[in-house]
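Peer 1: below is the sequence, then the predicted model.
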Amino acid sequence: MSSRLKENQGSDMEAHYHSMSDKTLMRLFILPTLVLLISINVFPLFWSLFLSFTKYTAKMTNIWGKNPEMIGIANYARVLTDPEMWVKFITTAKYVIMSVAGEMILGFGFALLLQTKFKGRGFITTLLILPMTMSPVIVGLRWRLFYEPNWGMFNFLLGLGRIDWISDPSRNLYSIVIADVWMWTPFVMLLSLAGLSAVPKYLYEAAEIDRASWWFKFTRITLPMVYPILMLALIFRTIEAFKIFDLPMGITGRGAMAPPLLSMHLYNVSFVTWNTSFGSSIGYIMLIMVLAITLIFVKYLNKAKQ
Amino acid sequence: MKQSVSKKKNIVHFLLIFLICIITFVYLIPLFFIVHTSFKPWVHIRDYPPKILFKPTITSYIRIFTSRTPLPPGRAFSEEEVFNMKWYERLIYKDTNEEIVRKGDFPRRYLNSIIVVIGSTLTTIIIGTLAAYGFSRGKLKGKDDWLFFILTTRMLPPVVVVIPVFLMFRALNLTDTHIGLILLYTAFNVSFAVWVMKGFIDEIPIEYEEAAMVDGYTRFQVFRKIVVPQATTGIAATSVFCFIYAWNEYAFAFILSRKYAQTVPAWLPYQMGVLGYDWGAAAGGTFLFLLPAMIFTIILRKHLVRGITFGAIRK
């Protein structure tokens, strides 16, 4: 009798122990990820937030050698008042608008075309997706060869003569836009295809009975149904285009030929002229902009889920 | 009447397919020319108008694997010497008049890429799947906020993050080490892995786990023996995505590795030979470098949409 009582007590305690540990255990599952993110991402970012309010250069073998000197918001004031910086902001905005617009139009267009049912459709889609999975800097490098003014294929195939697409400052932004559009159109295409295939068939059938025109079906059924996914693609591409660094590094390099894009400038300020604190403040302004767009992104991510 | 309508439809259908084929062909021209250039003989690479047809050679591939020095003017190998050369030495000598000195840097960089990618993918998958399980099944306060926080770390521009990371790595002596890059890539991929894996785990019916818990399995046993086997597809797909991201990554590798741990993307664009930038060899290296990512993409096709939307769209 007494032994049975003990047993009961034991299992009760075990159950208690279980329910206690389960929540803690779940936290333990998440812990490694959070520790890693905080130590590699968050902590360094706080460090650079601090640096952005100081005057500091990392150009020395021992970083503890010279201490950062507090100068308040001078760095931020400089970023926002320097006309040179505004050239960078505007060029980046131009870049984002042109490349994202090109990708959205071409990508959605391709997806509409690929609605045609035929044998080998999957194979063609796979072929079109390939550019997207390549290393951007390597893609840039290949386009640089492609653009080569004297013997490159680009001018030859389009019959353009010897146009300099790389070192001419009035043109090199477009050359990067073209390469970017080439690389990321499949991304929009892929998302659009997913969106289009999710549109219920009966809507079209109903419209067919009413003898609705192609245009009516497109604007009243297709567009509203794929809208959340298109927005998702648009926002994601905007974030990525805003950060663009690899592709121009491959095409023009960071030197005199490079168009004035924000990321490239940030690299030059931080790692060529070694103005670490000023670089940090530019970085923080970029970061706030990206975070703002990410918030909108998550909103559409949840919408697309439904 | 009816017949003519369907005939018209057929023609439109045919024209559309034709158009798709043309677009695909034009679209793939840049890709085609990577392979094309890599098989071009040295003398034809800078031809204008560009030569489309030529006798293919593999000297570009030999060049990317070797380090060479040009022969001084007037110096030429005798016929006997040429006869005694290894086949690749002879090819190089005939193509660019160079002598092979030693093995090139490419194999080493390729190996670095493989080490860093495999190391980071493995750690990402392990800790990412654990966290995804925690987020999927745990009833935790502020779960959505944490998930949002995790996602934002992925969206940050690498050039911004790299400034403080550079300082930190220098203080910890992690610059130009495999471990450093592995840690960094893991941190960048884990957010992605958590989001995508959470989607996959959400789909696994919770009943099995509850039944197993009743049978006396511990949480960890449930995770290992029930969840992981059912999530293999998701784990495979997520690993491939992590693989592709780390394989292609440039900004971190470029700034945080100089020599010892340098990966291919950070190295390939800066290969100025004695004869100027060697486009042929670079094309050969590019092709060899792109190949794994392309193969994986083709394998992964079904899950691609899911991956690029962070698991939001399931097809």
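Peer 2: Nice, thanks for sending it over.
Peer 1: CA atoms for contacts and neighbours, from now on please.
Peer 2: Noted.
Peer 1: near chain B, which residues of the stretch 51-200 of chain A are found?
Peer 2: The stretch 51-200 of chain A has residues A:58, A:63, A:113-114, A:116, A:118, A:124, A:126-128, A:130-131, A:133-138, A:141-143, A:145-146, A:150-153, A:156, A:182, A:190-191, A:194 near chain B, with proximity defined as C-alpha under 8 Å from any C-alpha of the partner chain.
Peer 1: next step: these restricted to helices.
Peer 2: Counting by DSSP state H, these place A:113, A:124, A:126-128, A:136-138, A:141-143, A:145-146, A:153, A:156, A:182, A:190-191, A:194 in helices.
Peer 1: just the buried members of the residues you listed?
Peer 2: When neighbours are counted using 16 or more other C-alpha atoms under 10 Å in any protein chain shown, those contain these buried positions: A:126-128, A:136-138, A:141-143, A:145-146, A:153, A:156, A:182, A:190-191, A:194.
Peer 1: dump the C-alpha coordinates for stretch A:216-236 into PDB.
Peer 2: The C-alpha atoms that make up stretch A:216-236 are tabulated as PDB, following Å, rounded to 0.1, in the frame of the first residue of the first chain:
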ATOM      1  CA  PHE A 216     -11.300  42.100 -68.200                       C
ATOM      2  CA  LYS A 217     -10.100  38.700 -66.900                       C
ATOM      3  CA  PHE A 218      -6.600  40.000 -66.500                       C
ATOM      4  CA  THR A 219      -7.500  43.200 -64.600                       C
ATOM      5  CA  ARG A 220     -10.400  41.800 -62.500                       C
ATOM      6  CA  ILE A 221      -9.300  38.300 -61.700                       C
ATOM      7  CA  THR A 222      -5.600  37.800 -62.300                       C
ATOM      8  CA  LEU A 223      -4.100  41.000 -61.000                       C
ATOM      9  CA  PRO A 224      -6.100  41.200 -57.700                       C
ATOM     10  CA  MET A 225      -5.300  37.600 -57.000                       C
ATOM     11  CA  VAL A 226      -1.600  37.800 -57.500                       C
ATOM     12  CA  TYR A 227      -1.300  41.200 -56.000                       C
ATOM     13  CA  PRO A 228       0.000  40.200 -52.600                       C
ATOM     14  CA  ILE A 229       2.700  38.000 -54.100                       C
ATOM     15  CA  LEU A 230       3.700  40.700 -56.600                       C
ATOM     16  CA  MET A 231       4.100  43.100 -53.700                       C
ATOM     17  CA  LEU A 232       6.200  40.500 -51.900                       C
ATOM     18  CA  ALA A 233       8.500  40.200 -54.900                       C
ATOM     19  CA  LEU A 234       8.600  44.000 -55.300                       C
ATOM     20  CA  ILE A 235       9.500  44.700 -51.700                       C
ATOM     21  CA  PHE A 236      12.100  41.900 -51.500                       C
END
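Peer 1: grab the nearest non-local neighbour of the closest residue to chain A within the stretch 151-300 of chain B.
Peer 2: Distances between the stretch 151-300 of chain B and chain A by C-alpha to the nearest C-alpha are smallest at B:Asn248, namely 4.2 Å. Taking C-alpha to C-alpha, 6 or more residues apart in numbering or on different chains, and ignoring the residues beside it in sequence, B:Asn248 has A:Ser135 as its nearest neighbour in space, at 4.2 Å.
Peer 1: mind checking how far the one you found is from B:Ala76?
Peer 2: In this structure, A:Ser135 and B:Ala76 are separated by 41 Å, where distance is defined by C-alpha to C-alpha, to the nearest Å.
Peer 1: those two - which one has more neighbours?
Peer 2: Set side by side, A:Ser135 and B:Ala76 give different neighbour counts by other C-alpha atoms under 10 Å in any protein chain shown, the larger being at A:Ser135 (25 against 12).
Peer 1: the more buried one touches B:Ala251, doesn't it?
Peer 2: No - contact criterion C-alpha atoms under 8 Å: A:Ser135 and B:Ala251 do not qualify, at 11.1 Å.
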